[in-house]
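> give the three-dimensional model of this entry:
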Amino acid sequence: MAGMFLNFPFDEELFLYQWQNAQDPVLTAMLDSGAVQSNDTIRTLIQNGSDTYTIPFYNVIGGDDENYDGKTDITLTDVDAAYQSGIVYGRAHGWKERDFVVDYNSGADPMKQITSQVNQYWAKKKQKRLIGIADALFGITNSAGWKLHTTDLTATNPDISNKDGKIGETTIGEAIQKAVGDHADQFSLAVMHSKVATNLAGLDLLEYRKYTDPSGIQRLLRIADINGMTVIIDDGVPTTAASSNTAATFTTYLFGTGAFQTAPANCEKPSEITRNPTEGGGYNALITRVRETIHPNGFTFTKPKTGYTSSPTDAQLGTTGNWSIVADPKTVAMARIISKG
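Sure thing, here's the model as predicted:
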């Protein structure tokens, strides 16, 4: 419904359309890589409310074959199935603009600024949440196969090639092979700290993508390519600070096709405007809401027994104890490298 917001005509439906279609380049790169996939099945499951959903899946068939000699009986193996459960989270935030600020700054266009930045705000939050979930998953220690998905180059005797604890020419490929063996070709996305990216660029292993700004100046994006994989540079990945005895460490995440499944959940009022005519001389406010899921394929989320209120907090999503691995680790397209750079 059309109205006024920040002294500009405002239509909630039009704003929502602009918000959802103003793609952030980093989020777009994650989606285009295939590591984060929109899942229509999950979307259908969560459209009618609730905060949890369950996806059944069949395990890989197995069994020993028999000698077909006309005498030996043929044995039959049952097909095993399992399931993974995911969680929907809800988030909300708003921004306000005081009447005096708009009146005092003649020619200001706050509506344009808000429209252009809301999507980027939520995209950054989604990426931070994904990294938090990944960090929690790699804390799982009760699976020997899953432990192979972590490569620590800072250990005394690293078991793969490296450059004095730093990622080298073959490190990423070896870490992926160690994790999933002959499934290595499905990996398509790496998320790394700018320190690691800078070191790899110095080895001519990393190539930054570029864009031309409105002034015609070519600039580097925080997106690059390495070994056929999309690289997103994000200093929000786990790090440890250097001390007098130890070097700083950086975690690099490697994800394959379909590693994370995502879908929007029902949200009756994604955006709306409100007004307070008295406080601070009066202000208008834009409120936005998001309900969605980010689900790591092959894992199950269990609601915390205490402190849970219909939507998990980021701390709960990032808690290892709330996650369990339910798939064969070799089929899970995730790996991480802990390095000195």
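
> would you indicate which residues of the strand ranked longest in the chain are buried?
Counting by DSSP state E, the longest strand found in the chain is strand 283-296. Within strand 283-296, the residues that count as buried by 16 or more other CB atoms under 10 Å are Tyr283, Asn284, Leu286, Thr288, Val290, Arg291, Glu292, Thr293, Ile294, His295, Pro296. For every residue, glycine as well, the C-beta is placed using N, CA and C.

> same check, this time on stretch 38-55
Asn39, Ile42, Arg43, Leu45, Ile46, Asp51, Tyr53, Ile55.

> would you check that the first one makes contact with Ala263?
Yes - contact between Asn39 and Ala263 holds when scored by CB atoms under 8 Å: they sit 5.1 Å apart.

> centroid residue for this structure?
Nearest to the geometric centre of the chain sits Leu130, at 3.1 Å (CA atoms, centre = their mean).

> gap between it and Ala247?
27 Å (CB to CB, to the nearest Å).

> any low-confidence regions in the stretch 101-250 of the chain?
In the predicted model of the stretch 101-250 of the chain, residues 101-112, 115 satisfy pLDDT under 70.

> turn the buried residues of stretch 38-55 into JSON lines, columns for pLDDT.
Supplementary listing: the buried residues of stretch 38-55 in JSON lines, determined by pLDDT from 0 to 100:
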{"residue": "Asn39", "pLDDT": "91"}
{"residue": "Ile42", "pLDDT": "92"}
{"residue": "Arg43", "pLDDT": "93"}
{"residue": "Leu45", "pLDDT": "90"}
{"residue": "Ile46", "pLDDT": "91"}
{"residue": "Asp51", "pLDDT": "90"}
{"residue": "Tyr53", "pLDDT": "92"}
{"residue": "Ile55", "pLDDT": "87"}
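
> in helices, which of these fall?
Ile42, Arg43, Leu45, Ile46 (DSSP state H).

> residues touching the second one, list them.
This points to Arg43. If you count contacts by CB atoms under 8 Å, 6 or more residues apart in numbering, Arg43 has them with Ala263, Pro264.

> distance of it from Lys163?
44 Å.

> do the last one as well
As defined by CB to CB, Ile46 lies at a distance of 45 Å from Lys163.

> ok, the residue nearest to the centre of the chain touching Ile294?
Yes - using CB under 8 Å, Leu130 is in contact with Ile294, at 5.5 Å.

> joint contacts of the two?
Val36, Phe260.

> mind checking the SS state of the residue nearest to the centre of the chain?
helix (DSSP: H, G, I helix; E, B strand; the rest coil).
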